[in-house]
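1. Everything below, folded, please.
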Amino acid sequence: MTSRWLLSEIAEELGEEAFYHSQETFTLIENNLRQNNKVIIVDEVDYLIDKSIIETLRDLHDKTGCPVVLVGMGAIDKKLARYPHLMDRIYKKLKFEKFNSDDIKEILTELTDLKFKDDAIEYLATRTNQFRQLVKLINRIEKLMKTNQIEELDEYTMKGLLNERTNLKTMQTFKQVLVG
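-> So this is what the prediction gives:
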């Protein structure tokens, strides 16, 4: 990854076309951001960290006043520590912890209309650590619940879903026979 590549990506996000020379693209971005103040969010910055990219982001911030949000994994602190002139500019560091049941319940409420019993939510909390992982699971569960005409999901059925069982209606009927 190069500074030129980063500037091209930022220009494209701003609806601009990058120039061949990096300095011209930088000036284009600088002028755009001065007129339309935006937040620059750089995801997976762990893979982008090198001196030229860090300096480019710092210069963009200094010249435009636009906040720069760096998103990365656990080792990002160590990688950024190599740039003390950048570290003293960092306003706040956030570390995302594992989801608990309340977090899962809130996310489910926002992302789906399906009904989950508390034991299913508890089980999901033990299975997912990342938001992206949870969203994929929710999408998969939604499809399987609709396919199998499941109204409300409990832990037992959840375990069946996560183990790739596809005909859960039969499984639920079997469970009712055993219990009832």
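2. Could you chop the protein up by domain?
-> Domain segmentation of the chain under automatic domain parsing yields 3-87, 101-170.
3. rank the ones you listed by mean pLDDT and give me the bottom one.
-> Of all the domains of the chain, domain 101-170 carries the lowest average pLDDT, namely a mean of 81.
4. now it, how far from the centre of its chain.
-> Remark: domain 101-170 is offset 19 Å from the chain centroid, using Cα atoms, centre = their mean, to the nearest Å.
5. Going by contacts, tell me the helices and strands next to the longest helix anywhere in the chain.
-> Using DSSP state H, we find that the single longest helix of the chain is helix 131-147. Contacts defined by 3 or more Cβ pairs under 8 Å, 6 or more residues apart in numbering; DSSP states H and E place helix 131-147 against helix 101-111, helix 118-127, helix 155-162. Quick note: C-beta positions are derived from backbone N, CA and C, even for glycine.
6. can you redo the domains of the chain as TSV with mean neighbour count?
-> Below are those laid out as TSV (neighbours: other Cβ atoms under 10 Å):
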stretch	mean neighbour count
domain 3-87	15
domain 101-170	15
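7. Strands of the protein, start to end?
-> Along the chain, counting by DSSP state E, strands occupy 40-42, 68-70, 115-116, 152-153.
8. Save those strands as JSON lines, and put in distance to residue 90 too.
-> Compiled in JSON lines, those are given as follows (distance: least, Cβ to Cβ, whole Å):
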{"stretch": "strand 40-42", "distance to residue 90": "13"}
{"stretch": "strand 68-70", "distance to residue 90": "8"}
{"stretch": "strand 115-116", "distance to residue 90": "38"}
{"stretch": "strand 152-153", "distance to residue 90": "41"}
